[in-house]
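Student: Here is the input, now give the coordinates:
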Amino acid sequence: MPDDPIELTVNGVTSPFAAGTTVAAVVAASTTQHRGVAVAVNGEVVPRGAWPATTLRPGDLVEVLTAAQGG
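Tutor: Modelled structure (predicted):
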């Protein structure tokens, strides 16, 4: 059934998401930051411009990384 939830692992935590979830939606759910954010899906960096069009699949491993200031 196309509306069944899918499981994604985001930053090491497996959770259900709606079928058709995009990288952009996962980023929005993961952080309020808009700058200094990078995303990798299954070890491959996804360019920011591709986030809205990149649909995630069941079992995908997503890492949402935010830059931290410091030294």
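Student: Strands of the chain, residue ranges please.
Tutor: Counting by DSSP state E, residue ranges of the strands within the chain are 6-10, 13-17, 37-41, 44-45, 61-66.
Student: With mean neighbour count and mean pLDDT as extra columns, can I get those strands in JSON lines?
Tutor: For every residue, glycine as well, the C-beta is placed using N, CA and C. JSON lines is the format used below for the strands of the chain (neighbours: other Cβ atoms under 10 Å; pLDDT from 0 to 100):
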{"stretch": "strand 6-10", "mean neighbour count": "16", "mean pLDDT": "98"}
{"stretch": "strand 13-17", "mean neighbour count": "12", "mean pLDDT": "97"}
{"stretch": "strand 37-41", "mean neighbour count": "17", "mean pLDDT": "98"}
{"stretch": "strand 44-45", "mean neighbour count": "10", "mean pLDDT": "98"}
{"stretch": "strand 61-66", "mean neighbour count": "16", "mean pLDDT": "97"}
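Student: Minimum distance to Val23: which of those has it?
Tutor: Among the strands of the chain, the nearest to Val23 by Cβ to Cβ is strand 37-41 (5.5 Å).
Student: relative orientation of the closest one and strand 61-66 in degrees?
Tutor: Using axes from the mean of the first three to the mean of the last three Cα atoms, to 10 degrees, the direction of strand 37-41 lies 170 degrees away from that of strand 61-66.
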